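*Asks:* What shape does this take:
(one chain, ligands or ions: 1)
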Amino acid sequence: MKFTRLTSGVVLAATVIGLGASVAGAQETLRGLAEERGRYVGSILNSQWFSGGLPGNYEETQKREFNAVVCENEMKFDATEPSQNNFNFNNGDRMVKYAKQNGMRARGHALAWHSQVPNWVNSHKNKQELLGILKNHIEKTVGHFKGQIDEWDVVNEAVNDNDPHDWRATATNSRPGSVWFDNIGAEFLDSAFVWTHRVDPDAELCYNDYNLEQGIGEGSKAGFVLKQVKRWKEMGIPITCVGSQTHVEDTTTAPEFNGAAENLRAFAKELAKLGVKLNITELDIGIKSGMPVDAAALARQGHFYRQFMDVFLEEPNMGEFVIWGVSDKWSWLGGLNRQAGLIFNDNLQKKPAYDSLIASLKAHAPETVFNPYKDDFTKLDSIAKADSIAKADSVAKAVADSIAKANPVVEDTSKQIEPIAPADSTEVLLSRAYGVFGVKVSGRTLNISGDASAKVQVFDMQGRPVFSDKAVKGSVSLATVPNGIYMVRVTSGTSSLVRRIALK
Ligand code: 9MR
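*Replies:* Sure, this is the predicted structure:
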């Protein structure tokens, strides 16, 4: 190393008087600093890596700077199951081996996504068939990588772009549809989480999407996702993380950029109350095509990168900071009319953005950064006190888990696929847990037993209320609710149960 010829006295003097930048330089990598803080910084293995088309310093940089990794395209549906029930995990295995050899966290991307599905899947329209296809894909894929993938993107990009109050539906000229939602309905998401969890109960399971850095207000995509996460937690669906892709543009004029990092902070805080992590999963900050990539632009880009890293380190339920690429030379951004969005330039040299990330990490001393993989962030006073749902959730968790196991969410719609526990076993489980009541539907009448008076709320599968009655004794008519599948919540005193019902 650089100082081997110096006497130890000179090295010591340099350290003591604070010339640490060059003395400590050999150790100062993103990876090293993140590891000291119990966090992960990651990047993709570009598709060109798999075809052997990258220079040696690409891999050297990747290993030196990152402790988490994800395949750019190689673990998507079209790559892993190109024809029905014929699986190819070769490239995924290569990534897993690489991650293991280099002590990295491995992300699996992605199980249920409308894009990059092979044509043989898109040719199916039958709900039962598609449920079977998705279940088989998840079981075989997650089963193959069991214990080797730390975290799955179970569902990717399922929210409707034009109407972020709902899931992505039938294709139009301006946006693609989703074979899963169009033919199965929202249960495809619920079921995908349950199936993945059953095969690998130790893996973290994420919902992953873009534009989640645009705020959590009414009409926002993140706001909709938040509602769904609440619903999933209430139903015992085993989601543990949300992935914010965070593909943003580095121009002072791009409206979506303003406040993006702080928006993620607000989102992280809401998810923390639900016991869910927020990860940054695909960050790039592209400069608009045609704009100069000069010193000012690169400095501004660095400033933006730093804002995200600051928020990441300050929020206790954020675990991974993954950048969608290593070098600007191999980046998908051109297709989006953006350029130079990563932290290493075409020659794999560090850009100002890299230095900004290092500066942010160093400004957050390790003892001030929470490690969400080691300690339970829901126990932090700031989070535990802030929210009642989290508390109710922790009480209900054991029960909810058992319900999910005994009574999968596809119970009403895919009887051929999932064996269904007899209805009574759910009732027994619930009354044992709560000691209060049971719920049964007969025709349009909801019967509640064992309690004097209860509040009944009925929600559609997107969590929208469709019926409510504050004081139900014995039974209530749901004649006003249209046919369909709903979640009913019955609350009595401090106890409450959530159950799926079908009205026909
Ligand atoms: O980087 C990926 C690019 O090589 C592919 O052509 C593209 C096709 O969909 O997918 C890119 O990765 C996407 C990721 O899987 C999901 N979020 C958006 C990413 C950038 O488009």
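*Asks:* who's in contact with stretch 286-301?
*Replies:* 247-252, 254, 285, 333-334, 336-341, 351-353 (C-beta atoms under 8 Å, 6 or more residues apart in numbering). Every C-beta, even on glycine, is put in place using the N, C-alpha and C of the backbone.
*Asks:* That stretch and the ligand in contact?
*Replies:* No - using C-beta under 6 Å from any ligand atom, stretch 286-301 stays clear of the ligand, coming no nearer than 11.0 Å.
*Asks:* got the residues of the stretch 51-200 of the chain near the ligand?
*Replies:* 72-73, 115-116.
*Asks:* Okay, now the unreliable bits of the chain?
*Replies:* For the chain, the stretches flagged by pLDDT under 70 are 1-27, 252-258, 387-438, 450-452, 460-464, 485, 493-500.
*Asks:* How about it: which residue is closest to the ligand?
*Replies:* Nearest to the ligand, among the residues of the chain, is Trp332, at 3.6 Å (C-beta to the nearest ligand atom).
*Asks:* Next, count neighbours for Asp166.
*Replies:* Neighbour count for Asp166, taken as other C-beta atoms under 10 Å: 15.
*Asks:* Can you point out the buried residues in the helix or strand where Val225 lies?
*Replies:* Element membership for Val225 (DSSP states H and E) is helix 221-235. For helix 221-235, a neighbour-count test (16 or more other C-beta atoms under 10 Å) marks 221-226, 228-235 as buried.
*Asks:* Closest to Pro465 out of the residues you listed?
*Replies:* Closest approach to Pro465 among those (C-beta to C-beta): Arg231, at 11.6 Å.
*Asks:* related to what we said a few turns ago, after the helix holding Val225 comes which helix or strand?
*Replies:* Taking DSSP H and E, what comes next after helix 221-235 is strand 241-244.
*Asks:* which helices and strands sit right next to that next one?
*Replies:* Packing contacts for strand 241-244, counted by 3 or more C-beta pairs under 8 Å, 6 or more residues apart in numbering; DSSP states H and E, involve strand 204-209, helix 221-235, helix 260-273, strand 277-288.
*Asks:* gap between the last one and the chain center?
*Replies:* Taking the mean C-alpha point of strand 277-288 and that of its whole chain, the gap between them comes to 13 Å (C-alpha atoms, centre = their mean, to the nearest Å).
*Asks:* can I get the CA coordinates of it in CSV?
*Replies:* What follows is strand 277-288, C-alpha atoms only, in CSV (Å, rounded to 0.1, in the frame of the first residue of the first chain):
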residue,chain,number,x,y,z
LYS,A,277,-39.0,-2.1,5.8
LEU,A,278,-38.5,0.3,3.0
ASN,A,279,-35.6,-0.4,0.6
ILE,A,280,-34.3,1.6,-2.2
THR,A,281,-34.0,-1.1,-4.9
GLU,A,282,-33.1,0.4,-8.3
LEU,A,283,-31.8,3.9,-7.8
ASP,A,284,-30.4,6.0,-10.6
ILE,A,285,-30.5,9.7,-11.0
GLY,A,286,-30.3,10.3,-14.8
ILE,A,287,-29.4,13.6,-16.4
LYS,A,288,-31.9,14.5,-19.1
